[in-house]
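# Structure of the sequence below:
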Amino acid sequence: MDQPNHSDKSTSDANDISHGIQAVHSDKNMLIHVAIKFILLFIIIFSFDFLIELMLMALDLFFEMIHLLIEIIEELLESVLEETLPTSKHQNEVIIVNFAMIVVLFGLYKLFHGVRFVYLLKRYIKADWLRYTKRKSLDWKVLSLVSKIKLVTAYCVGFSLIFYLVF
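Take a look at the predicted model:
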């Protein structure tokens, strides 16, 4: 009777591990990649106030545009109602408010039915995060001991410099 051949299993495991890794970088490329990460982190930390101010300005501009759009729609509806129906100004305003309430209620209805989309988005983000962590752990396992030491040292030096320069 033949014994099972376990060599196929070990080669298939090695192929799975090497298949998940796009490319093994040299130590120099790895250190340059870590340095770029820390330079970007440094820039983001020092420009944080500017980024928040820019975001608030964009949000203010967005709300102003929405307000102008609502005013244009209101004036347009009011002029259409004046021309088509024999109504007074008060009646036109009542019709416009009722129309706005219908639009708001429809928006709330769609929002509450859109909650399912948020759960799906959360599931996709979690799946992507798990793939990312699996890929990073496989990359870590493939590194040699010297490369692991260099990578940990580069991160320690980078965090030390960030803490020294920022705080």
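# Helix or strand: which one has the residue nearest the centre of the chain?
Closest residue to the average C-alpha location of the chain: Ile125 at 9.1 Å, with CA atoms, centre = their mean. Assigned by DSSP states H and E, Ile125 belongs to helix 115-142.
# Kindly report the same for Ile149.
Here Ile149 is assigned to helix 145-166, by DSSP H and E.
# Name the residues of that helix that are buried.
For helix 145-166, the neighbour count (16 or more other CB atoms under 10 Å) marks 147, 150-151, 154, 158 as buried. Every residue, glycine included, has its C-beta placed from N, CA and C.
# For it, name the packing helices and strands.
In terms of contacts (3 or more CB pairs under 8 Å, 6 or more residues apart in numbering; DSSP states H and E), helix 145-166 is packed against helix 27-46.
# Just want the angle from the helix it packs on to helix 115-142.
Interaxial angle, helix 27-46 versus helix 115-142 (axes from the mean of the first three to the mean of the last three CA atoms, to 10 degrees): 140 degrees.
# Quick one: list the elements packing against whichever helix or strand comes after helix 27-46.
For helix 27-46, the following helix or strand on the C-terminal side (DSSP H and E) is helix 48-84. Contact here means 3+ CB pairs under 8 Å, 6+ apart; on that basis helix 48-84 packs against helix 89-113.
# Check the gap between the residue nearest to Leu143 when sequence neighbours are not counted and Tyr119 for me.
Leaving aside its sequence neighbours, Leu143 sits nearest to Leu151 (CB to CB, 6 or more residues apart in numbering; 6.9 Å). The gap separating Leu151 from Tyr119 is 36 Å, by CB to CB, to the nearest Å.
# Please report the distance of Ser88 from Ala100.
Taken as CB to CB, the span from Ser88 to Ala100 is 19 Å.
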